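**Q** generate coordinates for the sequence data below:
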Amino acid sequence: GCGATGRFVDLCRRLGMTSTAALSRVPRCACPQTSRVVRINLAHRSHRRSSKTVPRANSDVPPGGNPQNARMGGGTDDNGRMHVPTDAFGGMSPEHKAASALKNLFTMVAVRVVLKQELDVVAEKGDGAVMTDTHRELSDYLRNNPLRDGNVWLEQLMRHPEHNMRRTALRVLAIRKTYTATQFDFDAMRVLAVSELKKENDLLMAGYVNDSLALADPNMGQDGMGH
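**A** Predicted coordinates for the structure are as follows:
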């Protein structure tokens, strides 16, 4: 093969680029054998990769959790995990930060469920009404008070001067709890997050390899001058 083979393999190994998506973006250089060798090396490397489970730091184990089974969490200087500075997220671990984001998501999900329930009420009545008072008031409140922090948003809604809105806040609260505990598929979320992140990483790395190598046009020959 040509001299690009070594550079190809070295860069790809260092970048950990092994997925099918990444392999499909490896450029074909002037020497057909080069592309073939690179793809074979990357494919072999992907089969050799393995993950090692390291327990989280004891301080990050959830209440009632088993440290031996824990897979995620902030690292310390002696537990073998990647160290995340304690001030990176205002003193929260990455898991607490993610949980906070999910809390806001679940609050919005609950609001949307209530709005849909109100639309269903209108449809069942069939009296020609466009929407219920609750749907209109909750929609207006959401438009005038964007949901940025689920708890703060609900706390304010529970103090609304209108009694119906305070009752609606309790509905949102109950639906949020039920959805989180029984409806949201956390296992599927983890699989999807890992899969999507790996795919996007590999695509970005493949683009980096393409830009870094800047192989000559196949029609220009191995020396880049038509020979």
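**Q** quick one: name whatever helix or strand follows the lowest-mean-pLDDT helix or strand in the chain.
**A** Among the helices and strands of the chain, helix 32-48 carries the lowest confidence by mean pLDDT, DSSP states H and E, at a mean of 48. Once the chain leaves helix 32-48, the next helix or strand it forms, by DSSP states H and E, is helix 94-125.
**Q** contacts only, for the nearest residue to E118 once chain neighbours are set aside.
**A** The shortest distance from E118 to any residue that is not its chain neighbour, by Cβ to Cβ, 6 or more residues apart in numbering, is 3.8 Å, and that residue is H135. (C-beta placed from N, C-alpha, C; glycine too.) The neighbourhood of H135, defined by Cβ atoms under 8 Å, 6 or more residues apart in numbering, consists of 115, 118-119, 122.
**Q** rerun that using 10 Å as the cut-off
**A** 114-119, 121-122, 129, 168 (Cβ atoms under 10 Å, 6 or more residues apart in numbering).
**Q** as JSON lines, these with pLDDT and neighbour count would be great.
**A** Written out in JSON lines, the entries for those read as follows (pLDDT from 0 to 100; neighbours: other Cβ atoms under 10 Å):
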{"residue": "V114", "pLDDT": "97", "neighbour count": "19"}
{"residue": "L115", "pLDDT": "96", "neighbour count": "18"}
{"residue": "K116", "pLDDT": "95", "neighbour count": "11"}
{"residue": "Q117", "pLDDT": "95", "neighbour count": "14"}
{"residue": "E118", "pLDDT": "94", "neighbour count": "21"}
{"residue": "L119", "pLDDT": "92", "neighbour count": "14"}
{"residue": "V121", "pLDDT": "89", "neighbour count": "14"}
{"residue": "V122", "pLDDT": "86", "neighbour count": "15"}
{"residue": "A129", "pLDDT": "73", "neighbour count": "12"}
{"residue": "T168", "pLDDT": "97", "neighbour count": "24"}
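**Q** flag every buried residue along the helix or strand harbouring L204.
**A** Remark: L204 resides in helix 186-213, with elements defined by DSSP H and E. Within helix 186-213, the residues that qualify as buried are 201-203, 205-206, 209, 213, counting by 16 or more other Cβ atoms under 10 Å.
**Q** put the alpha carbons of stretch 83-91 into PDB.
**A** The C-alpha trace of stretch 83-91 is given here as PDB (Å, rounded to 0.1, in the frame of the first residue of the first chain):
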ATOM      1  CA  HIS A  83     -12.300  12.900  38.000                       C
ATOM      2  CA  VAL A  84     -14.900  15.600  37.600                       C
ATOM      3  CA  PRO A  85     -14.100  18.700  39.600                       C
ATOM      4  CA  THR A  86     -16.600  19.200  42.400                       C
ATOM      5  CA  ASP A  87     -17.300  22.800  41.300                       C
ATOM      6  CA  ALA A  88     -18.000  21.900  37.600                       C
ATOM      7  CA  PHE A  89     -21.800  22.000  38.100                       C
ATOM      8  CA  GLY A  90     -22.200  24.100  41.200                       C
ATOM      9  CA  GLY A  91     -21.100  21.300  43.500                       C
END
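**Q** list the buried residues for it?
**A** So, applying 16+ other Cβ under 10 Å, buried residues of stretch 83-91: 84, 89.
**Q** please apply the same query to stretch 123-133.
**A** When neighbours are counted by 16+ other Cβ under 10 Å, the buried residues of stretch 123-133 are found to be T132.
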